[in-house]
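> coordinates only, no sequence provided:
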């Protein structure tokens, strides 16, 4: 071991060598799609050159929109990006393995998110050791934003159009009724 205690690579770094591009997956319920989700998708595309987005159902949540509606909303919002949108049933890591995806992209807004995401990432690593989790922070404008909070506001008659794509805002108005 070197004197400084670090194990350095035996071959020198060669900037002309490139590693194969890794495929990344951003999975979630996206109920509804927010500008925070779009921000993370754009960051994923910038990091990986493209992204697979998987829309999941969640038995523990009451959805405002069906999986099919959420897929359509996402497809409309990311049509200008190199993004594929799929529905997801089952475990995220199994979906990743079935679609030759090596990276799970996870958005982390706060320490609380990290405390939730870390054990999930370790469990996913146990299930699929070749699939790596990468945590990305959204733009600071979206650190407090959650789909659950959005639904709660619209269900109570409020609106947050500055935090949503226009089409999603309109869909929420239609679903919950316009602001009185």
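Now that the structure is in, tell me what you want to look at. Since this is a predicted model, take the numbers as computed values, not measurements.
> pLDDT weak spots in this protein?
Residues of the chain meeting the criterion pLDDT under 70: 1-20, 179-180.
> show me the helices in this protein, by range?
For the chain, applying DSSP state H gives helices covering 35-48, 67-78, 92-98, 111-127, 147-155, 166-176.
> of all those helices, which one is nearest residue 140?
Nearest of the helices of the chain to residue 140, taken as Cβ to Cβ: helix 35-48 at 10.2 Å. Just so you know, the C-beta spots here come from the backbone N, C-alpha and C atoms, and that holds for glycine as well.
> tell me the helices and strands packed up against the closest one.
Counting contacts by 3 or more Cβ pairs under 8 Å, 6 or more residues apart in numbering; DSSP states H and E, helix 35-48 packs against strand 24-28, strand 51-56, helix 67-78, strand 103-107, strand 132-136.
> next, format the ones you listed as JSON lines and append distance to residue 146.
Listed next are those as JSON lines, based on distance: least, Cβ to Cβ, whole Å:
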{"stretch": "strand 24-28", "distance to residue 146": "11"}
{"stretch": "strand 51-56", "distance to residue 146": "16"}
{"stretch": "helix 67-78", "distance to residue 146": "15"}
{"stretch": "strand 103-107", "distance to residue 146": "10"}
{"stretch": "strand 132-136", "distance to residue 146": "16"}
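> switch the ones you listed over to TSV; also include distance to residue 142 and mean neighbour count.
As requested, the helices and strands packed on helix 35-48 are exported to TSV (distance: least, Cβ to Cβ, whole Å; neighbours: other Cβ atoms under 10 Å):
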stretch	distance to residue 142	mean neighbour count
strand 24-28	14	23
strand 51-56	17	24
helix 67-78	15	19
strand 103-107	9	23
strand 132-136	12	15
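> this completes my enquiry, with thanks.
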